[in-house]
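Give me a model of this one.
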Amino acid sequence: MIANKTRDNTNSKMILLAGAGFSYDLGYRKLKDQLINMMKTEGFISYLMNKVGQIGSIEMLINRLNKYKEIDNWIRWDDPILRDAYDVRLEMRGGDFHHALTSCYETLVKNYGPKDSNIAYQNKFRARAEILQKIAKANKPSNVLDIYTTNYDCAFQYMASEKDQPKLTFLTHISNEKVKNKDGEFKAGKWYDPMENYLDTDIRAYLPNVYIHRLHGCIAWYNKKEKGRVVSAHEKDGAGGTTPFVFEGDRDYFLYNLCIKLIGSEYLSAKEVSSSAFNEFYDQLTRIDTLLVWGYSFRDVEVLRQINHALLARKKPFRIYYISEIVSAGLVQKNIDEIKNNIDETLKNTPTSLSPDFIPIRLNWNKDLGYDALAREIEERNRNRYKN
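A predicted model of the protein is given here:
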């Protein structure tokens with residue numbers, strides 16, 4: 001695969017949609033767990049996190065933090081406050097409010113970004129890379145796998161950077177600054193191999209290619225602004241490593257300009273990062289035979305609308321199969337009911353009708369059967385795409 005090149009995805013028959021459950025057993029904690037830990041801290045951080053603790057998604061959480069950050073900026077730097085509310089400004093500039101906000105951002109980046117605990121999960125990362133390789137190989141005739149993810153973590157960067165896993169070629173829209181010797185800018189239609197300088201190119205030419213499409217951005221991405229306007233997105237160096245990000249001179253700039261999807265934000269489709277990923281997602285939904293879903297709860301209205309719209313527009317629908325690691329029969333049925341309810345509840349207030357073909361089917365697999373059995377199940381489904 002040649003890096004920095006556009007590609008034709010018209011012969012890809014299967015794509016993967018990965019949600020939070022994909023990353024959970026790789027050591028990335030759920031948002032609820034992170035909030036609980038934040039609430040255990042002292043002082044204003046605890047108060048702040050308890051106030052936003054009812055928020056159910058990281059997008060809404062960071063959107064709230066951004067609003068607090070704007071208030072903090074007004075108090076610290078706004079001319080009327082500097083002139084007429086000196087006592088208030090002096091009290092707020094004592095540091096508690098600003099420190100609390102920054103600590104909240106740092107905690108999220110710490111838990112979703114690069115971390116030394118990845119080493120403890122190394123075997124699981126390798127096993128995950130192996131199953132992705134098998135899924136890509138089963139995706140005939142393309143021998144590639146497009147992964148669309150709503151996750152913000154750096155799991156894919158770590159898998160791509162693992163030098164001991166010569167099984168896949170990961171490609172992304174954002175090049176690694178130091179490896180590629182470029183500025184890391186997002187370029188729609190361009191794909192970069194972040195590890196092409198490390199592994200033998202002849203070997204990599206025969207590996208399945210995995211394209212990572214980030215629907216909601218990444219905790220390691222930040223917006224670059226010029227004159228207050230977002231002009232591009234970049235990835236912080238080291239996103240695929242095991243060393244947590246070090247915040248020095250660019251601390252607040254990076255934290256307050258995270259390039260992730262924010263509900264109610266003017267940066268919902270920050271430049272082409274989110275909008276291109278969604279465009280690519282819909283384009284492939286109009287062509288594929290199979291949408292494979294792993295660890296996704298079917299609650300994101302934007303993603304569900306794309307899937308539903310594509311189903312309504314097609315003469316022959318694609319199949320939707322989802323991977324669940326649940327073993328207990330009772331919990332399996334509960335999970336099936338929850339997915340159906342999530343789809344109904346999420347789309348009921350949108351200006352569209354629900355496609356009768358929007359019926360996710362659970363693969364006949366659970367975690368006790370192992371990944372080899374999962375690969376065989378997926379291959380069997382692919383061979384019988386249009387059979388009942």
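
Any stretches of the chain with poor pLDDT?
Within the chain, the segments meeting pLDDT under 70 span 1-10, 30-101, 103-104, 163-166, 176-183, 194-205, 247-251, 262-271, 385-388.

can you map out the strands along it?
Assigned by DSSP state E, the chain shows strands spanning 14-18, 144-149, 169-171, 209-214, 217-226, 229-235, 258-260, 290-294, 319-323, 361-362.

which stretch among these comes nearest Asn279?
strand 209-214 (9.8 Å; C-beta to C-beta). C-beta coordinates here come from the backbone N, C-alpha and C atoms, glycine included.

Paired strands for the closest one, with orientation please.
strand 144-149 (parallel), strand 169-171 (parallel) (DSSP bridges).

In a markdown table: these, plus mean neighbour count and distance to Tyr371.
Converted to a markdown table, these look like this (neighbours: other C-beta atoms under 10 Å; distance: least, C-beta to C-beta, whole Å):
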| stretch | mean neighbour count | distance to Tyr371 |
| --- | --- | --- |
| strand 144-149 | 24 | 15 |
| strand 169-171 | 24 | 18 |
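
Of all these, which one comes closest to Lys334?
Lys334 lies closest to strand 144-149 among the strands paired with strand 209-214, at 24.8 Å (C-beta to C-beta).

Show me the contact partners of the closest one.
Contact partners of strand 144-149, identified using C-beta atoms under 8 Å, 6 or more residues apart in numbering, comprise 9, 12, 14-19, 22, 132, 135-136, 139, 156, 208-216, 277, 280-281, 284.

Would you mind getting the angle between that strand and strand 290-294?
Strand 144-149 runs at 50 degrees relative to strand 290-294, counting by axes from the mean of the first three to the mean of the last three C-alpha atoms, to 10 degrees.

quick one: strand 144-149 to strand 14-18, angle?
Counting by the same axes, to 10 degrees, strand 144-149 lies at 30 degrees to strand 14-18.

Ile119 touches Glu162, doesn't it?
No: using C-beta atoms under 8 Å, Ile119 is not in contact with Glu162; the gap is 10.5 Å.

Using JSON lines, please lay out the strands paired with strand 209-214 together with distance to Gly113.
Putting the strands paired with strand 209-214 into JSON lines (distance: least, C-beta to C-beta, whole Å) gives the following:
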{"stretch": "strand 144-149", "distance to Gly113": "15"}
{"stretch": "strand 169-171", "distance to Gly113": "17"}
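
between these, which one is nearest to Glu345?
Nearest of the strands paired with strand 209-214 to Glu345, taken as C-beta to C-beta: strand 144-149 at 21.9 Å.

Can you select the buried ones from the contacts of strand 144-149 in ChimeraX?
This is the ChimeraX syntax for the buried subset of the contacts of strand 144-149, where burial follows 16 or more other C-beta atoms under 10 Å:
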select :12,14,15,16,17,18,19,22,132,135,136,139,156,208,209,210,211,212,213,214,215,216,277,280,281,284
